[in-house]
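S.K.: With the sequence up front, the predicted model follows.
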Amino acid sequence: MLTDPQREALRRLPAVHELLKRKELTPWLKRLPRGWVAQAVGEAIAMGRREILENPTAPHPSASELVARAVDSLHRLTEPRLRPVLNGSGVVLHTNLGRAVLSEAATEAIRQVARSASNLEFRLEEGGRGSRYDHVEELLCRLTGAEAAMVVNNNAAAVFHVLQALAKGKEVIVSRGQLVEIGGSFRVSEIMRESGGRLVEVGTTNKTRIQDYEQALTDETGMLMKVHTSNFRIIGFTEEASRQQLATLAWKWSIPFFEDLGSGILYDLKAHGIGDEPTVRECLEEGTDLLSFSGDKLLGGPQAGIIVGKKVWIDRLKKNQLTRSLRVDKFTLAALEATLRHYLNPEEAAQKIPTLRQILKEEGELKSAAEQLAGMIRETTGDVLRIETVPARSEVGGGSLPGVELPTHCVAITPQKMSLTQLEYRLRQAPVPVVGRVFQNRLFLDPRTLEVNDFPQVAASFRYALQM
Ligand SMILES: *Cc1c(COP(=O)(O)O)cnc(C)c1O
């Protein structure tokens, strides 16, 4: 049963055609076909009606309020939703913030092939049909020492492709210590099932020896597989079979030894004292036949799944029907090629690829950057925030280099006139949103993942958040 105030409120709800006459909507009626504006108004009225029905005592929404809601929804409809944000989180490869930021050269390469026709599948020498993979295969082979290479959508697709093309209906032997789930529901066991491979688990969570693989091998075995455990790490009393051992065993049985490396590295970070991950080249030299990794993790390129290794196996992958449905577009190839070219000169890679540059930033540089950023925010916001700089730790993220923490200096902010939650919320609503990290009841901004050029924009977003 409706109450009298509810009945009255429903009666007073305006009609769509009445609200369309309001002056706030005139610019929208000039910009968009009437239908879109009428729909936004209709939805605002319908929402008002629901509010009245759900709450017997609520005051009815005014016409101005309904129009304001319609205008909000028209803004949402016409403004880009997917847009740049400032990553102050200190997580270099933040999956929710789009993982690797591309180099200038990679960004420009995308622009070039986007605005013009290209030789994507066209051989300029002979004037005939070519393969889209040619543009990166030679580079990948030279940089990793592999015989052959191919590229698919992402590393999850690469793993799926390898399993279904080479091990469908066969057994795939994996150590129990490597049956992990990674990030957004990538589970080795599930991928295996989907691909038609039959998972054979060997060893225990902490120890798996080469004898465990040997004992599990049968005529049904199609592959030995090693999986990088990414953001999960087993420490203490552990043991695993080496690449050399697995490669030798696979060779004896004429099956491939495949490794899902997760975040493949082409630049030797361990030589800089960062983590202890082998490079892709080192894994191949140790005997891995076939190896896959992501394009947008430590490589610092576009989203892609890169597969490198022995030509016999890559040829079989290329011939498989599935290749077509996992294929990458020209933007990915353009950005990947430009990113890979940086690696021809490791010093250039370290300077030009944002992922590497951010990981390699030194404490002294970060300290003065934090002080500079703190000064700029202080200057624009006055005394409504307490702003300090403090030593802290950044993370590589993306499941890469688990356990590695990079020393940094952050700007730590305590709002004085609003709650921390409010400040965070307002910063996310800014035209260029700022994402920080809440820690010890303060908002931390880490200059590791911000560039000095971004600082004025960070300060501007603070001004917006504080409505100054
Ligand atoms: C990240 C990761 C994947 C998934 O890679 P995407 O490129 O995100 O699809 C698969 N395996 C491992 C070990 C990973 O770390």
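M.R.: The structure has been received and is ready for your questions. Numbering: from 1, shown residues only.

S.K.: so how many other residues sit close to the closest residue in space to residue 361 that isn't next to it in sequence?
M.R.: Setting aside the residues directly before and after it, residue 361 is nearest to residue 448 in space (CB to CB, 6 or more residues apart in numbering), at 5.5 Å. Every C-beta, even on glycine, is put in place using the N, C-alpha and C of the backbone. Neighbour count for residue 448, taken as other CB atoms under 10 Å: 28.

S.K.: Report the contact partners of residue 448.
M.R.: With contact taken as CB atoms under 8 Å, 6 or more residues apart in numbering, residue 448 is in contact with 90, 92, 358, 361, 366, 394, 406, 408.

S.K.: Residue 141 against residue 134, yeah?
M.R.: No: with contact defined as CB atoms under 8 Å, residue 141 does not count as touching residue 134 (11.4 Å).

S.K.: Which of those two has more residues huddled nearby?
M.R.: Each of residue 141 and residue 134 has its neighbours counted (other CB under 10 Å); residue 141 has more, 16 against 13.

S.K.: List the buried residues for the helix or strand that one falls within?
M.R.: Using DSSP states H and E, residue 141 maps to helix 134-144. Across helix 134-144, burial judged by 16 or more other CB atoms under 10 Å covers 135, 136, 137, 139, 140, 141, 143, 144.

S.K.: Kindly report the same for stretch 106-114.
M.R.: Along stretch 106-114, these residues count as buried under the neighbour rule (16+ other CB under 10 Å): 106, 109, 110, 113.

S.K.: low-scoring pLDDT stretches of the stretch 151-300 of the chain, where are they?
M.R.: Filtered on pLDDT under 70, the stretch 151-300 of the chain yields the residue ranges 183-184.

S.K.: Would you map the helices across it?
M.R.: Taking DSSP state H, counting those that start in this stretch, the helices of the stretch 151-300 of the chain run over residues 155-167, 188-195, 210-216, 243-252, 280-285.

S.K.: Quick one: closest of the ones you listed to the ligand.
M.R.: Closest approach to the ligand among those (CB to the nearest ligand atom): helix 155-167, 3.1 Å.

S.K.: The closest one packs against which elements?
M.R.: helix 188-195, strand 221-227, strand 257-262, strand 290-294, strand 305-309, helix 311-319, helix 322-325 (3 or more CB pairs under 8 Å, 6 or more residues apart in numbering; DSSP states H and E).

S.K.: Smallest gap between this structure and the ligand, at which residue?
M.R.: Proximity of the chain to the ligand (CB to the nearest ligand atom) peaks at residue 262, 2.5 Å away.

S.K.: Does that residue touch residue 396 like I think?
M.R.: No: the pair residue 262 / residue 396 is not scored as a contact, 11.8 Å apart, by CB under 8 Å.

S.K.: Of all the residues in the helix or strand harbouring residue 373, which ones are buried?
M.R.: Here residue 373 sits within helix 363-381, counting by DSSP H and E. Using 16+ other CB under 10 Å as the test for burial, helix 363-381 gives 366, 367, 369, 370, 373, 374, 376, 377, 378, 380, 381.

S.K.: Check stretch 202-220 too.
M.R.: Buried residues in stretch 202-220, defined by neighbour count with 16+ other CB under 10 Å: 202, 203, 208, 209, 210, 212, 213, 216, 217.
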